[in-house]
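Asker: Pasting the sequence and the predicted coordinates here, then a few questions.
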Amino acid sequence: MPRKYVILLVITLVLIVLDQWSKFAVVGSLTRQFDGKVTLGERLGAMYGEPPPLGPDGRHFASRKEPVEVINGYLRLRYEENPGAAWGMFRNLSPNVRGPLFHLVSIGAVILIGYYFTKLSGTDPKERWALFGLCLVLGGALGNYIDRVARGFVVDFIQAHWKDQAYWPSFNVADMAICVGVGLLILDAFVRKEEKPAEPAKA
């Protein structure tokens, strides 16, 4: 197997595992979804099975406790359910429209990433930003897509804020991977230049 595909496989799998593990831990710590569920199988079923109806707080998984402050005044862990795209976009669309739209966009993104990845040689050092950027975007996209397929919403839990006066929309590990990956692809667009064919020498 070519080296670039080994890198793609390793980074993608590590990101998916890290993303899903972090969401599993947050659901167990900050919601009541695992109450009464003793075995790992029961908890996985509660996490990835059909979610319960919306509760009084507007969430499928009832909150267990208040958000956990990580850096007081700046960063906290807060359980959120995002049925929309990044930063909650399109969350107010009808589920009958939103579901097929996100499936189409997610599958299209994976195909597009795969197409551009095949164009990389995997041996040119100038391609490193694109190589790792595409791997991060793919891993993040698949991490969030698993959530949408399993329960129709993405689990977000990291909330950056400025002393409760200004807030950045809640996000998760997959979102961070996508943002870093896109940043690397933008960097690649500036750093890597397409080699122009040499002009024939004039007689």
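Answerer: Happy to help now that I have it. Please read all numbers here as calculations on a predicted model, not as lab measurements.

Asker: make it CA atoms for all contacts and neighbour counts henceforth
Answerer: Fine.

Asker: Are we agreed that A160 is in a strand?
Answerer: Yes. Read with DSSP: H, G, I helix; E, B strand; the rest coil, A160 is one of the residues of a strand.

Asker: show me the contacts for it.
Answerer: The contact partners of A160, by CA atoms under 8 Å, 6 or more residues apart in numbering, come to Y74, L75, R76, Y167, W168, P169, S170.

Asker: hey, where'd the strands end up in the protein?
Answerer: Under the criterion DSSP state E, the chain contains strands at 68-71, 75-82, 154-162, 166-167.

Asker: Least confident of these, on average?
Answerer: When the strands of the chain are compared by mean pLDDT, strand 166-167 comes last with a mean of 86.

Asker: roughly how far apart are G84 and I11?
Answerer: For G84, the distance to I11 (CA to CA, to the nearest Å) stands at 25 Å.

Asker: Need the contacts of A160 in CSV (columns: neighbour count and distance to R32).
Answerer: Shown next, in CSV, are the contacts of A160 (neighbours: other CA atoms under 10 Å; distance: CA to CA, whole Å):
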residue, neighbour count, distance to R32
Y74, 15, 26
L75, 19, 23
R76, 18, 19
Y167, 13, 26
W168, 12, 26
P169, 14, 23
S170, 23, 20
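
Asker: and which of these is nearest to V38?
Answerer: R76 (27.6 Å; CA to CA).

Asker: What sits closest to the closest one if chain neighbours are left out?
Answerer: Sequence neighbours aside, E69 is the residue nearest to R76 in space, at 4.3 Å (criterion: CA to CA, 6 or more residues apart in numbering).

Asker: How much space separates that neighbour from Q159?
Answerer: E69 sits at a distance of 10 Å from Q159 (criterion: CA to CA).

Asker: Just want to know which of these two has more residues nearby.
Answerer: Legend: neighbour count by other CA atoms under 10 Å for E69 and Q159, higher for Q159 (21 against 13).

Asker: And the spatially closest residue to that one that is not a sequence neighbour, its phi and psi?
Answerer: Leaving aside its sequence neighbours, Q159 sits nearest to S170 (CA to CA, 6+ apart; 4.6 Å). Dihedral pair for S170: phi -60, psi 150, per degrees, to the nearest 10.

Asker: where does the chain have low pLDDT?
Answerer: 1, 85-99, 193-203 (pLDDT under 70).

Asker: So which residues of it form helices?
Answerer: For the chain, the helices defined by DSSP state H cover 3-30, 40-48, 95-118, 128-151, 173-191.

Asker: Please render those as TSV that adds distance to K163 and mean neighbour count to the earlier fields.
Answerer: Below are the helices of the chain laid out as TSV (distance: least, CA to CA, whole Å; neighbours: other CA atoms under 10 Å):
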stretch	distance to K163	mean neighbour count
helix 3-30	22	17
helix 40-48	32	15
helix 95-118	34	14
helix 128-151	28	22
helix 173-191	22	18
